[in-house]
Structures are given as structure tokens and as C-alpha cells.
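Using only what follows, build the 3D model:
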Amino acid sequence: MTLKNAFICATMLLATQFTFSGIASAHEYKGGNLNIDHPWSKEVPPTSQVAAAFFTIDNHGKEADTLLSASSPIAGKTELHAHVNENGMMKMREVQEITIPAEGQQNLKPGGLHIMFFDLKKTPALGESFPLTLNFQHAGTVEVEVKVEKATYQSDAMKMDHSGH
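Numbers count the residues shown, from 1 in each chain. Have a look, this model is predicted:
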């Protein structure tokens, strides 16, 4: 390989690295001591009246923070939700707040805590994004974009052992 070709290859590699690292970091948001990573929503049918959002919140602060509420222009109503076990049945229930521990993490994921959207005004399609406003006790208001993705995640509660079949 000539020196010129080596230089061209190195330049292309660096450009690719910067491009992809920019894409990866473009889906992270910061508010106060909090980092919100990869807000996403499962693709739902075009006639659906509900959707949900999921993401990870990292708290780099010395005190806990609390997600107090959320809102989005795509929904008539937005709620903080959790899956709870009621007499052996898993059900979704609204929660008043979601705590993010000091120097800790809170995962909003299918089968666990999540943001629920009701009375959809617009059903976002696969690949689209929509705005979500998060209101925290200490970090204040944080605006994020939620990316609609294929539903490929299975929570631990939803995984089943089929080894005996």
C-alpha cells in the first residue's frame, strides 16, 4: 500500500468513526446531573390509541432525583407507569413518580417502569421520532426525542423457558 492510499484509508476510517460516534451520542440527553440514554418506543399499529417510551436515566449527582411527570404532543394523556403483580397477575398501573437514586441508574423498559401515552393524536411510524418532555424534581425540564423502533426487546418477566418442550 502506498503512503497516499494509507492516508486515504486512515482519513476515511476517522471520518466514519466521527460520523458513527456522533450518531450514537445524538440519542443521549443531559439535564442537571442526569443523562437520559436512548429514548425509544415500540412500533405500534397505525390504529393504536396507546404507545409507550423506554430509556435509561443515569444520575451522576450526590442526591436522588425524581421524575415527576412527562408530556408529549402526540398524546392526549401521558402517564408514568409500572408493571405490578396483583394476585399473581401482572398489570400496568400509573405511578406518581419515578426515583433515580443518587449516583445510580433507573431503567425504564418493557415489563417494568415506562412512560405511557394514551389517546394518540398521531401514531408515529417505524423510524420516526417524536418529542417527549420530562419534568424532574432537581434537573428540571428535559426535552428528548423518542425514536420508534421494532419491538425486539423481551423483559426478563416475559422470557419463557422452553427447554422442556
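
CA only for contacts and neighbour counts going forward, please
Fine.

what about the helices in the protein?
3-25 (DSSP state H).

per-residue confidence for the nearest residue to residue 82 once chain neighbours are set aside?
Closest residue to residue 82 apart from its sequence neighbours, by Cα to Cα, 6 or more residues apart in numbering: residue 113 at 4.2 Å. For residue 113, the pLDDT comes out at 97.

Check the gap between residue 113 and residue 99 for me.
Separation of residue 113 from residue 99 (Cα to Cα, to the nearest Å) stands at 11 Å.

Show me which of those two is the more surrounded one.
Taking neighbours as other Cα atoms under 10 Å, residue 113 and residue 99 compare with residue 113 leading, 23 against 15.

Need the phi and psi values for that one.
Note on residue 113: its backbone torsions stand at phi -70, psi 150 [degrees, to the nearest 10].

and what of residue 47?
phi -90, psi 0.

Report the spatially nearest residue to it, omitting neighbours in sequence.
residue 123 (7.5 Å).

if I read this right, that neighbour contacts residue 42, doesn't it?
No. Taking contacts as Cα atoms under 8 Å, residue 123 lies outside contact range of residue 42: 11.1 Å.

chain center to stretch 112-126, what's the gap?
12 Å (Cα atoms, centre = their mean, to the nearest Å).

remind me which residues of the chain are low pLDDT?
1-26, 152-165 (pLDDT under 70).

ranges for the strands of it?
28-31, 34-42, 50-59, 65-71, 75-86, 89-94, 98-100, 105-108, 114-120, 129-136, 140-149 (DSSP state E).

Correct me if wrong: residue 49 contacts residue 120.
Yes. The criterion here is Cα under 8 Å, and residue 49 meets it with residue 120 at 4.9 Å.

quick one: which of the two has more around it?
residue 120 (19 against 16).

List the contacts of the residue nearest to the more buried one when sequence neighbours are not counted.
Distance criterion Cα to Cα, 6+ apart; nearest residue to residue 120, sequence neighbours excluded, is residue 75 at 4.3 Å. Neighbour list for residue 75: 117-122 [criterion: Cα atoms under 8 Å, 6 or more residues apart in numbering].

just the buried members of the residues you listed?
117-118, 120 (16 or more other Cα atoms under 10 Å).

Count the neighbours of residue 105 for me.
Residues near residue 105, counting by other Cα under 10 Å, number 18.

residues contacting it?
Counting by Cα under 8 Å, 6+ apart, residue 105 makes contact with 56-59.

For stretch 41-58, report the contacting residues that lie outside it.
Residues outside stretch 41-58 that contact it (Cα under 8 Å, 6+ apart): 34-40, 100, 103-110, 114-120, 123-126, 146-151.
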